[in-house]
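Peer 1: Here's a sequence, model it:
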Amino acid sequence: RFGLVQDKAVLEDTFRLRHEVYVEEFGFERKEDHPNGLETDDYEENSIHFACLNESNSVVGTIRLVMDSEKGFPIEHATQTGFVGEKPERSKIGEISRLAVSRDLRRRKEDGMYGVESYLKSKEGGVLPDDGSIPKEMRGRKNPIIVLGLYQVLYHESRRRGLTHWYMITEKKLFFALKKYGFLFHQIGEPVEYHGQRTPYLGIIEEIEKTP
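Peer 2: Below you'll find the predicted structure:
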């Protein structure tokens with residue numbers, strides 16, 4: 001089940017999953033900075049949180065949307081960015097971040113923290129085309145359902161709140177995976193080094209809606 005997080009216990013469970021992925025598994029955050037086993041930062045109070053729950057009501061996937069505040073957007077503190085088209089007022093923009101998927105539900109052992117690598121490879125082991133289409137060999141395969149489900153509920157809540165644009169700074173493999181399933185983003189800056197290369201992107205919601 002996918003949805004907006006409104007329950008305090010579920011919210012803590014999302015922070016616990018983030019700790020498992022970002023702190024314990026990949027070491028992106030320092031354990032001593034999160035002694036309570038919950039991975040959080042200064043943007044939580046200005047964020048909308050989403051979760052995927054399994055049949056036991058445990059969080060197995062999470063993502064958040066950071067709204068504008070006096071703190072600004074995380075992307076603005078990470079790198080210089082441009083924009084595509086006319087820039088709306090800041091209240092119409094949200095930043096997508098902190099995507100995490102439970103290790104137990106990634107398809108293959110070699111998949112990274114988003115669990116999308118398996119969906120980017122052809123049967124021959126090469127990377128599938130990145131033109132946004134879904135090749136014949138990919139049709140009928142199991143989709144990265146947790147990632148796509150989280151982005152779908154995030155989209156519906158964004159529309160409900162009147163947002164028109166999304167910021168995102170992430171690895172290119174996630175960008176390519178999202179592109180294959182209709183979530184098109186524009187690169188708006190140069191990659192920066194932060195636990196590996198991260199690239200800044202902009203999603204225009206109206207444009208994404210028109211993607212076949």
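Peer 1: what's the helix or strand for the residue nearest in space to the middle of the chain?
Peer 2: What sits nearest the mean C-alpha location of the chain, by Cα atoms, centre = their mean, is residue 99, with 4.1 Å. Here residue 99 sits within strand 93-101, counting by DSSP states H and E.
Peer 1: cool, residue 63 as well?
Peer 2: strand 59-67.
Peer 1: orientation of that strand relative to strand 93-101 in degrees?
Peer 2: Counting by axes from the mean of the first three to the mean of the last three Cα atoms, to 10 degrees, strand 59-67 points 160 degrees away from the direction of strand 93-101.
Peer 1: Let me know the secondary structure of the closest residue to residue 182 other than its chain neighbours.
Peer 2: Excluding its sequence neighbours, the residue lying closest to residue 182 (Cβ to Cβ, 6 or more residues apart in numbering) is residue 211, at 4.4 Å. All C-beta atoms are positioned from the backbone trio N, CA, C, and that covers glycine. Following DSSP: H, G, I helix; E, B strand; the rest coil, the label given to residue 211 is coil.
Peer 1: Next one: residue 211, what pLDDT does it get?
Peer 2: At residue 211, the pLDDT value in this model is 82.
Peer 1: Ok, residue 122 next?
Peer 2: pLDDT for residue 122: 49.
Peer 1: ditto for residue 127
Peer 2: The model's pLDDT for residue 127 equals 42.
Peer 1: Check residue 182 too.
Peer 2: pLDDT at residue 182 comes out at 89.
Peer 1: which regions of the chain lie under the pLDDT threshold?
Peer 2: Residues of the chain that meet the criterion pLDDT under 70 lie in 107-111, 115, 117-143.
Peer 1: report the longest helix in it, please.
Peer 2: Ranked by residue count and defined by DSSP state H, the top helix of the chain is helix 145-160.
Peer 1: got the buried residues for it?
Peer 2: 146-151, 153-155, 157-158 (16 or more other Cβ atoms under 10 Å).
Peer 1: related to what we said a few turns ago, so which other helices or strands are in contact with the strand holding residue 99?
Peer 2: helix 8-18, strand 59-67, helix 145-160, strand 165-170 (3 or more Cβ pairs under 8 Å, 6 or more residues apart in numbering; DSSP states H and E).
Peer 1: swap the cut-off to 10 Å and go again
Peer 2: Here strand 93-101 touches helix 8-18, strand 47-53, strand 59-67, helix 145-160, strand 165-170, helix 172-180, strand 197-204, going by 3 or more Cβ pairs under 10 Å, 6 or more residues apart in numbering; DSSP states H and E.
Peer 1: quick one, which of those is nearest to residue 88?
Peer 2: Counting by Cβ to Cβ, residue 88 lies closest to strand 165-170 out of those; the figure is 6.3 Å.
Peer 1: Can I get that closest one as CSV, trimmed to CA atoms?
Peer 2: Output in CSV follows, covering the C-alpha atoms of strand 165-170 (Å, rounded to 0.1, in the frame of the first residue of the first chain):
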residue,chain,number,x,y,z
HIS,A,165,7.8,21.7,-10.7
TRP,A,166,10.1,19.3,-8.9
TYR,A,167,13.8,19.6,-8.0
MET,A,168,15.8,16.4,-7.6
ILE,A,169,19.5,15.7,-7.2
THR,A,170,20.4,12.1,-7.6
